[in-house]
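**Student:** I'll drop the sequence and a predicted model, then ask my questions.
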Amino acid sequence: MSLRNFNSLFYSIILVTIMSCGNNKKSDFQLPSLFSDGMVLQRDTIVTIMGKYIPNQKIDISCSWSFDTTTFSDHKGNWKTHLKTNSSLKTQTIIFRSKNDLYKIRDILLGEVWIAAGQSNMEMTFDYCCNSTDSSDSEIKSANYPKIRMYNVKKALSIKPLNDTEGEWVSAVGENIIDFSAAGYFFAKNLNLNLNVPIGIIHSSWGGSNIQSWTNKNVLIEIDDFKKKYEAIKIDSLRYRETKEWYSKFDNFRASASAWDLVLLSDILPDIGYFDYSVAKWAEIDKLGINDIKTFSNNSKYWKKLDSKNIKNLFLNNSNFSGAYLFKNSFKADRNDTLTYKIIIEPNEDSESKFWEYDIYVNKERIASTLFYTKEDEYEFNKKKKSFQIKNDIIKNDKPNTIMVRVLGYGDLGNVKIMSSGNKVPFLDEWKVKILAEEAFQVDNFETPYTAFYDYSNRDIKFSDLPKNKIFLNHNTPSTIYNGMFHPLLNYSIKGIIWYQGESNVGNPKLYKEIFTKMIKDIRMSFGKEMPFYYAQLAKFFNYGGKLSEFQQMQSELLKIKNTGMIVTSDIGENYDIHPSNKHDVGKRFALLALNRTYGHDFIDSGPMLSGIDHEGRYTNVYFKNSGTGLKIIDDKRSWFEIAGEDRIYYESDVVDLYKNFLQLKSNYVQNPQYVRYAWSDTAKVTLFNNEGLPASPFSSEYNSAINQ
């Protein structure tokens, strides 16, 4: 046998051996997580694919849908090429071969790929707190859509653009959908049923995020003030690394509610039902200090004497330090068994508005708690003076009784005293304190509410080593989500984007409009200038401070951007919940836009939109486009239309007549109407629909420059 034939046979044997292993464990090929088993590739187009391999190597790529190509890794090992896809409905495979290596991507579908992005209303899953997505149980039980796949982008923040993200493709079958974006799922489901092709959703969202964090630095730096912000971020980057290194050393506990959530739930929204869900999620934090409480010997470690009734000296006079603390003292009981003992505790005057929760233990037994095991109707955020009786069987007459107060929030013991039959019982020692944990932003594995309690309880913490100027990246730091969660998607071929975001920007519609317009232009530089971008107009919510209507009006004006579409959600909003449970209609309405405008179906895909106004004496005629087969009012008690004269004082108006594409208004209080508005309130009810069942968008002719009066 010749040497040439021998080498050929040798490499063939090696290749067959590698292929027979059946997996990619030994391969040197590295591809971004998006390019993985179960992925959906955009059909009937040219898709980009890339990765890393050994430098300066030839790579042969074979696609099971009868497309082959060859590329080469560069001197750094990077490679990038393009694949032509078709409309095959079969499951596909891609094989990457080098001289002595092989890598496979299996279970690939060719279909329609969309990005679903935004904040919490896009993030909302089928298990999203107590106001769960509509029909969750039945939807999970009936979900059997193996041709629908979703890739959840793991939360990541970065100062610089990343090229990869963590996540995996999951089929929409049964309980798999629990962690799906509900809006994204219902969108995909409607597309799949109507197009009968595989649907891939790349879901990338972050609750509470603003549009600035989703936008490329190159875009924002052209807008006033952002240049200075980026200069500060650059300067602080070293401090951020130091901060991350510090907190990464400690275990942490995540809670599901912040101080503001507890205020909201207890004082403002007592009937919503979030409280029991939220407090239950604090159970992990209830473990903090439990070993010290059970073994309350003075010999336990890391206790420090309380200095002047505060512990600020322990953490560098940082008045913003928040966390978990354990305070300890003891008292002696009288041998008279008939005496009763009680503890009186009250917050210091300057602590009442701060997050301050406490648990009181006497001789290991918990006798009071403001948070744990508290009923919803008993919870008070602003603490008052309280008295708690100590059961007689807890009290020890033969030795000192240990009292421990665990505080969550700001490091303040408050005023504590022991009383017995009207007499104050003296403490035997000075108070001692131990810092159990610090509350700070998460530095990885981000989960709502994006803060964590970092466990210091069994460590001798040298607070002099703690970064003196802590800098955290968060989900509202400009460009950080774009860098970590959107930039890695730019090389993945898609059909379009659905977007549900804006709740965090309601207060500044002018800035939002500027950023949104530039953001879409920038994104389309990667995905194509004709790429569809469909977005949700915000739903009603009581706590927008009267700012929602202007924001909704601004969102309507964004439709001037080419190849955009807007779904109206005001009719499915919930006055006292910023996360409406009805994501079924959100997904369906996004699908209507896509089916009609992207895939060429011919039907009405939007509710009525204001197109013109004229006045006839005391009557006002209001004209609409997208009226479909006609207009209808669903509530005859109040129209939510208002008209005003030159004084701009608005009065409720009656709908006198209703026609196919316009309606006529009149108010007995306005003799010469000049302006008209509809559903102009944070909590307005939507009453106007077309016969196709789609709601009209709120508007005001006073703000709408397109309407000539």
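**Tutor:** Done, it's in.
**Student:** beta-bridge partners for the closest residue to L31 other than its chain neighbours, please?
**Tutor:** Nearest-residue entry for L31: G51, 4.0 Å, with adjacent residues in sequence omitted and distances by C-beta to C-beta, 6 or more residues apart in numbering. To be clear about C-beta, it is placed using only N, CA and C from the backbone, and glycine gets the same treatment. Beta-bridge partners recorded for G51 (DSSP bridges): W79.
**Student:** pretty sure G51 contacts S33?
**Tutor:** No - between G51 and S33 there is no contact under C-beta atoms under 8 Å: 11.0 Å.
**Student:** neighbour-wise, which of these two wins?
**Tutor:** The neighbour count for G51 versus S33, taken as other C-beta atoms under 10 Å, is higher for G51 (20 against 16).
**Student:** so the chain: which segments form each domain?
**Tutor:** Listed by automatic domain parsing, the domain ranges of the chain are 3-110, 111-216+480-589, 252-455, 609-700.
**Student:** hang on, the earlier thing: roughly how far apart are the residue nearest to L31 and Y599?
**Tutor:** Taking C-beta to C-beta, to the nearest Å as the measure, G51 and Y599 are separated by 31 Å.
**Student:** repeat for R677
**Tutor:** From R677 to Y599 the distance is 35 Å (C-beta to C-beta).
**Student:** tell me which of these two has more neighbours.
**Tutor:** Taking other C-beta under 10 Å, R677 and Y599 do not tie; R677 has more neighbours (24 against 15).
**Student:** now do the contacts for the more buried one.
**Tutor:** 549, 641-644, 650, 698-702 (C-beta atoms under 8 Å, 6 or more residues apart in numbering).
**Student:** and for A324?
**Tutor:** 285, 288-289, 406-408, 435-437, 439, 453.
**Student:** contacting residues around the longest helix along the chain?
**Tutor:** Determined from DSSP state H, the single longest helix within the chain is helix 226-247. For helix 226-247, the external contacting residues (C-beta under 8 Å, 6+ apart) are 159, 212, 217, 220-221, 440, 443-444, 454, 465-467, 469-473, 477-479.
**Student:** ok, back up a step: tell me which of the domains of the chain is the most buried.
**Tutor:** domain 111-216+480-589 (a mean of 21; mean count of other C-beta atoms under 10 Å).
**Student:** ok, L220 - contacts?
**Tutor:** Here L220 is in contact with 212, 226, 230, 478-479, 515 (criterion: C-beta under 8 Å, 6+ apart).
**Student:** of all those, which two lie farthest apart?
**Tutor:** Using C-beta to C-beta, the pair of the contacts of L220 lying farthest apart is Y230 and I515, separated by 14.3 Å.
**Student:** if we can go back for a sec, and the contacts of A324 as CSV, adding secondary structure?
**Tutor:** What follows is these, written out as CSV (DSSP: H, G, I helix; E, B strand; the rest coil):
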residue, secondary structure
I285, helix
L288, coil
G289, coil
R406, strand
V407, strand
L408, strand
I435, strand
L436, strand
A437, strand
E439, strand
F453, strand
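**Student:** got any ranges where the stretch 151-300 of the chain has weak pLDDT?
**Tutor:** 255-281, 296-300 (pLDDT under 70).
**Student:** show me where it has strands.
**Tutor:** Using DSSP state E, counting those that start in this stretch, the strands of the stretch 151-300 of the chain run over 169-173, 199-205, 252-254.
**Student:** would you turn the ones you listed into CSV with distance to P532?
**Tutor:** As requested, the strands of the stretch 151-300 of the chain are arranged in CSV below (distance: least, C-beta to C-beta, whole Å):
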stretch, distance to P532
strand 169-173, 22
strand 199-205, 14
strand 252-254, 37
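**Student:** which one of those lies nearest to A536?
**Tutor:** Minimum separation from A536 across the strands of the stretch 151-300 of the chain (C-beta to C-beta) falls at strand 199-205, 12.0 Å.
**Student:** K637: which of the contacts of L220 is nearest?
**Tutor:** For K637, the nearest member of those is I515. The distance, counting by C-beta to C-beta, is 39.5 Å.
**Student:** which non-adjacent residue is nearest the closest one?
**Tutor:** Ranked by C-beta to C-beta, 6+ apart and with sequence neighbours excluded, the top spatial neighbour of I515 is I211, at 5.2 Å.
**Student:** quick one, what contacts the one you found?
**Tutor:** 501-502, 504-505, 512, 515-516, 519.
**Student:** go again with 7 Å.
**Tutor:** 501, 505, 512, 515-516, 519 (C-beta atoms under 7 Å, 6 or more residues apart in numbering).
**Student:** can you check G207 too?
**Tutor:** Counting by C-beta under 7 Å, 6+ apart, G207 makes contact with 119-120, 123, 448.
**Student:** one more: K666?
**Tutor:** Residues near K666 by C-beta under 7 Å, 6+ apart: 618-619, 653-654, 656.
**Student:** with just CA atoms, put the longest helix of the chain into CSV.
**Tutor:** What follows is helix 226-247, C-alpha atoms only, in CSV (Å, rounded to 0.1, in the frame of the first residue of the first chain):
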residue,chain,number,x,y,z
PHE,A,226,-25.3,60.5,27.0
LYS,A,227,-21.7,61.3,26.0
LYS,A,228,-21.0,62.3,29.6
LYS,A,229,-22.8,59.2,30.9
TYR,A,230,-20.6,56.9,28.8
GLU,A,231,-17.5,58.8,29.9
ALA,A,232,-18.5,58.1,33.5
ILE,A,233,-19.2,54.4,32.7
LYS,A,234,-15.7,54.1,31.2
ILE,A,235,-14.1,55.7,34.3
ASP,A,236,-16.1,53.4,36.6
SER,A,237,-15.4,50.2,34.7
LEU,A,238,-12.5,49.3,36.9
ARG,A,239,-14.6,49.9,40.0
TYR,A,240,-17.3,47.7,38.5
ARG,A,241,-14.8,44.8,38.1
GLU,A,242,-13.6,45.3,41.7
THR,A,243,-17.2,45.3,42.9
LYS,A,244,-18.1,42.2,41.0
GLU,A,245,-15.0,40.4,42.3
TRP,A,246,-16.0,41.2,45.9
TYR,A,247,-19.6,40.1,45.7
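**Student:** and Y623, how far from H615?
**Tutor:** Counting by C-beta to C-beta, the gap from Y623 to H615 is 12 Å.
**Student:** and if you look at Y512?
**Tutor:** On the measure of C-beta to C-beta, Y512 and H615 end up 32 Å apart.
**Student:** ditto for K518
**Tutor:** From K518 to H615 the distance is 38 Å (C-beta to C-beta).
**Student:** now swap in P426 and tell me
**Tutor:** 82 Å.
**Student:** also T48?
**Tutor:** 56 Å.
**Student:** same deal with W65?
**Tutor:** 62 Å.
**Student:** what about stretch 475-490, average pLDDT?
**Tutor:** Average pLDDT, stretch 475-490: 97.
**Student:** need the contact partners of it.
**Tutor:** For stretch 475-490, using C-beta under 7 Å, 6+ apart, the contacting residues are 32, 115, 153, 155-165, 202, 204, 206, 208-210, 212-217, 220, 226, 229-230, 233, 450, 473, 526.
**Student:** show the backbone phi and psi for the residue sitting nearest the centre point of the chain.
**Tutor:** The centroid of the chain falls nearest to G207 when counting by C-alpha atoms, centre = their mean (1.8 Å). When quoted as degrees, to the nearest 10, the phi and psi of G207 stand at phi -60, psi 140.
**Student:** swap in S526?
**Tutor:** When read as degrees, to the nearest 10, the backbone of S526 gives phi -90, psi -40.
**Student:** next one: the closest residue to it other than its chain neighbours from Q212, what distance?
**Tutor:** With sequence-adjacent residues excluded and distances taken as C-beta to C-beta, 6+ apart, S526 is closest to L490, at 4.1 Å. For L490, the distance to Q212 equals 19 Å [C-beta to C-beta].
**Student:** that'll do, ta.
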